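[1] Sequence first, predicted model second:
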Amino acid sequence: MARTARIERSTKESSVLVEIDLDGTGQVTVDTGVPFFDHMLAQLGRHGGFNLTVVTKGDVDVDSHHTVEDTSLAFGEALRTALGDKVGIRRFGDSHVPLDETAVLAAVDLSGRPYLVHEQPEIVELIGTFDTTLIKHIWESIVASAQICIHIRVLSGRNAHHVSEAQFKAVARALREAVSLDSRVLDVPSTKGSL
């Protein structure tokens, strides 16, 4: 059974298309009009091993907030939809990713319950024109719409680009493990019987 999803989300502020294949090969096409965000989403697809297409047309003339938020919500919904009934998945995943002076620990639970723990050092407010305060909001939006639990802890780092990028790589690797199928898991991996 294909674990894919196509989500279209339209508001007065943005129009978003997200396509995901959880069992892909890391082929990524991203165009949101926010170059740094594109770079971060590319990390999720490539290092998560997902085929990922994201196309967003948003009101970036105002700022990038609506585009980033709406795209993140659509990505989370696509992830949740592609997971289907979650039968046979590993459910949990974690990773420890270094990027030069930065190291990030990420853990994921595809629990059906949205929860985010996010710890990072203070970093500069802008990477180019990208507002770095949106990094946490990206995770909040993904967690809310995917209905998953993510813990992210930046253990070290001072370069804002590295601190941000290592988070996306770490979450991608944790997701890759959590969504993977385990032949020993014949049902939903929960004593409750559902996720």
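    Nice, I can see it. Worth saying up front: this structure is predicted, and the values here are computed from it rather than measured.
[2] what sits against the closest residue to Gln27 other than its chain neighbours?
    Here the nearest residue to Gln27 in space, its sequence neighbours aside, is Asn51; by C-beta to C-beta, 6 or more residues apart in numbering that works out to 4.7 Å. For the C-beta atoms, the positions are set from N, CA and C on the backbone; glycine is no exception. Neighbouring residues of Asn51 by C-beta atoms under 8 Å, 6 or more residues apart in numbering: Glu19, Ile20, Asp21, Gly24, Thr25, Gly26, Gln27, Val28, Gly45.
[3] so who does the last one touch?
    By C-beta under 8 Å, 6+ apart, Gly45 lies in contact with Ile20, Gly24, Gly26, Gln27, Val28, Val30, Asn51, Leu52, Ala172.
[4] Helices - which of these land there?
    Restricting those to those inside helices, with DSSP state H as the criterion, leaves Ala172.
[5] Show me how to select, in ChimeraX, the buried members of the contacts of Gly45.
    Provided next is the ChimeraX selection string for whichever of these are buried by 16 or more other C-beta atoms under 10 Å:
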select :20,24,26,28,30,51,52,172
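[6] Of the contacts of Gly45, just say which sits nearest to Lys86.
    Minimum distance to Lys86 across those is 15.2 Å, recorded for Ile20 (C-beta to C-beta).
[7] doesn't Leu17 make contact with Arg6?
    Yes: counting by C-beta atoms under 8 Å, a contact exists between Arg6 and Leu17, whose distance comes to 7.5 Å.
[8] Looking at the two, which one has more neighbours?
    When neighbours are counted by other C-beta atoms under 10 Å, Arg6 and Leu17 differ, and Leu17 comes out ahead with 18 against 12.
[9] Tell me how many other residues crowd the closest residue to the more buried one other than its chain neighbours.
    Spatially, and ignoring its direct neighbours in sequence, Leu17 is nearest to Val55 (4.6 Å; C-beta to C-beta, 6+ apart). Counted with other C-beta under 10 Å, the neighbours of Val55 add up to 16.
[10] Quick check: Val55 vs Asp63, distance?
    Computed with C-beta to C-beta, to the nearest Å, the distance linking Val55 and Asp63 is 19 Å.
[11] Leu110 too?
    Look at Leu110 and Asp63: by C-beta to C-beta, they are 32 Å apart.
[12] just checking, what packs against the strand or helix carrying His66?
    Element membership for His66 (DSSP states H and E) is helix 65-83. With contacts defined as 3 or more C-beta pairs under 8 Å, 6 or more residues apart in numbering; DSSP states H and E, the secondary structure elements packing on helix 65-83 are strand 4-10, strand 14-21, helix 35-48, strand 51-58, helix 134-146.
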